[in-house]
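Asker: the sequence and its predicted three-dimensional model are supplied below.
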Amino acid sequence: MSDPDTSLPDLPRGAERRTAQRVRLDADVSLYSPTTFWAGIAEDISEGGLFVATYQLESIGTVMDLRFELPTGQAVAVRGVVRWLREMMDEGTPGMGIQFQDLSPADADIIKSFVKHRPPLLWEKE
């Protein structure tokens, strides 16, 4: 497992870090780290990453391979890094925010097209 990525800005808990529009997604995700394989459910996706609902949380900075299929039937395989965690004691479903890395142009186009044609998730500003 990787050490946490210390290059991320220090933001207050709950601060918005996303720069890309997110849309709802309900898809099974297979996750592979160097020592572990498990499954989760993607709850939302953007061009930059996705949220995977799971009780099996990895450390921030962990690099993993992801495989999932969009409702359009298109499969995506991409490397990602855990950027944030929502633990069981937090509000909402536990899971991990995973940022895509080394996304192929073909997979980037598939995700971009999917996001473009779905209504965005709306979040209230605090």
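Answerer: Sure thing, it's come through.

Asker: so what strands line up beside the lengthiest strand in the chain?
Answerer: Once the chain is assigned using DSSP state E, the strand that runs over the most residues is strand 75-86. In the sheet containing strand 75-86, its partner strands are strand 63-69 (antiparallel), strand 95-101 (antiparallel), by DSSP bridges.

Asker: quick check: buried residues in the helix or strand just after the last one?
Answerer: Proceeding C-terminally, strand 95-101 gives way to helix 105-116 as the next helix or strand, assigned by DSSP states H and E. Neighbour counts using 16 or more other CB atoms under 10 Å place 107, 110-111, 114-115 of helix 105-116 among the buried residues. Backbone N, C-alpha and C define where each C-beta goes, glycine included.

Asker: how big is the angle separating helix 105-116 from strand 75-86?
Answerer: Angular relation of helix 105-116 and strand 75-86 on a 0 to 180 degree scale: 60 degrees, by axes from the mean of the first three to the mean of the last three CA atoms, to 10 degrees.

Asker: all good on my end, thank you.
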